[in-house]
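Engineer: Dropping a prediction and its sequence here:
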Amino acid sequence: MYAAHFAAGGLTTWLVARGDRAERLRSPGLSVNGVPVAAEVVDPAGTVTTGPADLVVIAVKHHQLAEAIEEVAPLVGERTTFLSVLNGLDSEEAIARRYGAERVLLCIALAMDAQRDGTSITYRQAGRLAIGTGGGLGTAERLVAVQVALDRAGLAWEAPADMRHEMWWKFMVNVGINQASAVIRAPYGRFRSEGPARSLMLALMAEVIAVAGAEGIDLGPADLDTWHKVLAGQPPQGLTSMYQDVLAGRPTEVGIFAGRVVALGARHAIPTPYNQAMAWILP
Ligand SMILES: NC(=O)C1=CN([C@@H]2O[C@H](COP(=O)(O)OP(=O)(O)OC[C@H]3O[C@@H](n4cnc5c(N)ncnc54)[C@H](OP(=O)(O)O)[C@@H]3O)[C@@H](O)[C@H]2O)C=CC1
Ligand SMILES: CC(C)(CO)C(=O)C(=O)O
């Protein structure tokens with residue numbers, strides 16, 4: 001979805017992929033809402049004559065991150081800045097360890113409803129990206145350059161004052177709705193009214209709020225209200241990325257959600273039974 005926006009905005013766009021994956025991106029090719037994406041496929045296993053890229057967007061699942069970080073190497077130069085739309089709290093640090101902290105902005109993807117079937121993507125809401133610097137990551141100059149690129153691509157962005165809080169808010173959301181939707185097998189609509197689905201989502205989120213407090217992050221009722229407003233805008237039949245993974249038989253990101261909450265609970269002696277159950281149940 002992001003590649004389609006960049007290409008349509010007139011920015012030279014490359015899809016980085018190796019082997020069979022590169023072949024699938026060439027044929028049948030990547031399509032977004034039925035429109036083929038005008039982006040060249042770059043296979044880093046071959047001779048790469050393009051680049052360096054001004055911006056690298058990493059949009060893979062967490063278990064694919066380490067490989068993706070290495071595969072983009074031929075396109076990385078001094079001016080290259082990274083955005084990671086991965087959920088969870090860790091991907092920016094992983095990229096920073098490989099390419100340097102100043103090259104990586106903090107980023108989360110909000111309120112999007114993309115669904116994928118092979119190389120065909122459909123979405124109604126592109127949502128928005130929250131981007132920023134913090135914790136030694138990124139620079140103000142790179143942040144502005146990326147904002148200009150996102151404007152050209154027609155992608156909505158915001159730059160919250162407290163990006164760390166924003167990352168934890170998104171973590172709370174993912175721990176709650178992604179995991180609850182994946183085990184109950186329910187679309188967004190089921191979480192809007194009282195019932196077991198919503199109760200499980202809120203119980204999982206309450207454990208995040210507890211461990212966040214112990215980590216010095218102030219999450220609370222106002223953050224839950226913000227989520228309820230976002231949820232009200234999601235299509236009732238839409239599916240979280242984790243529920244899509246379960247339906248497609250793909251591994252889930254449970255390790256960076258429940259796994260992380262359980263580990264933080266152990267560190268701070270805070271019980272996290274709901275997340276422990278998710279870690280036992282989800283593949
Ligand atoms: N979908 C959503 O609504 C949202 C998702 N997110 C987060 O964004 C991240 C991506 O999620 P999502 O888009 O749903 O994931 P998908 O699994 O739908 O897409 C990931 C894509 O990356 C490709 N890929 C994997 N490894 C590589 C690699 N080494 N080189 C090139 N391409 C690769 C995969 O190809 P292949 O199929 O061949 O393996 C696949 O097409 C996750 O962390 C998710 O939690 C955040 C907000 C919303
Ligand atoms: C917030 C939500 C549920 C949709 O944007 C998401 O991040 C996901 O599906 O992974």
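Structural biologist: Happy to help now that I have it. Residues are numbered from 1 along each chain as shown. Ligands and ions are numbered 1, 2, ... in the order given.
Engineer: Would you check how far apart the residue of the stretch 151-283 of the chain found nearest ligand 1 and residue 114 are?
Structural biologist: At 3.6 Å from ligand 1, residue 241 is the closest residue in the stretch 151-283 of the chain, using Cβ to the nearest ligand atom. Bear in mind the C-beta positions are built from the backbone N, C-alpha and C, glycine included. Distance check for residue 241 against residue 114: by Cβ to Cβ, to the nearest Å, it reads 8 Å.
Engineer: just to revisit the earlier point, leaving out sequence neighbours, find the closest residue to the residue of the stretch 151-283 of the chain closest to ligand 1.
Structural biologist: Counting by Cβ to Cβ, 6 or more residues apart in numbering, residue 241 lies nearest to residue 178, which is 6.6 Å off, once chain neighbours are set aside.
Engineer: from what I can see that neighbour touches residue 245, true?
Structural biologist: No - the pair residue 178 and residue 245 does not pass the contact test of Cβ atoms under 8 Å, sitting 9.1 Å apart.
Engineer: Show me which residues of the stretch 51-200 of the chain are close to ligand 1?
Structural biologist: Counting by Cβ under 6 Å from any ligand atom, the positions of the stretch 51-200 of the chain adjacent to ligand 1 are 59-62, 64, 67-68, 71, 85-87, 109, 112, 114, 116.
Engineer: Now, those that are in strands?
Structural biologist: Judged by DSSP state E, the subset of those located in strands is 109, 116.
Engineer: which of the residues of the stretch 51-200 of the chain next to ligand 1 count as buried?
Structural biologist: Burial of these was assessed by neighbour count (16 or more other Cβ atoms under 10 Å); the buried members are 60-62, 68, 71, 85-87, 109, 112, 114.
Engineer: where does residue 102 land in three-state SS?
Structural biologist: Applying DSSP: H, G, I helix; E, B strand; the rest coil to residue 102 yields a three-state assignment of helix.
Engineer: Could you report the neighbour count for it?
Structural biologist: Here the neighbour count serves as a burial measure; for residue 102 (other Cβ atoms under 10 Å) it reads 15.
Engineer: Looking at the residue nearest to it when sequence neighbours are not counted now. What's its pLDDT?
Structural biologist: Nearest non-adjacent residue to residue 102, counting by Cβ to Cβ, 6+ apart: residue 139, 5.3 Å away. According to the model's per-residue confidence, residue 139 sits at a pLDDT of 97.
Engineer: for residue 190, same thing?
Structural biologist: On the pLDDT scale, residue 190 is placed at 98.
Engineer: Could you double-check that it sits in contact with residue 197?
Structural biologist: Yes - counting by Cβ under 8 Å, residue 190 sits close enough to residue 197 to count as a contact (4.4 Å).
Engineer: Which residue of those two possesses the greater neighbour count?
Structural biologist: For residue 190 versus residue 197, the count of surrounding residues by other Cβ under 10 Å is larger for residue 197: 22 against 17.
Engineer: so that one is in which element?
Structural biologist: helix 196-214 (DSSP states H and E).
Engineer: now the angle from the helix or strand that that helix is followed by to helix 196-214?
Structural biologist: Beyond helix 196-214 on the C-terminal side, the first helix or strand identified by DSSP H and E is helix 221-233. Helix 221-233 and helix 196-214 meet at an angle of 140 degrees, taking axes from the mean of the first three to the mean of the last three Cα atoms, to 10 degrees as the criterion.
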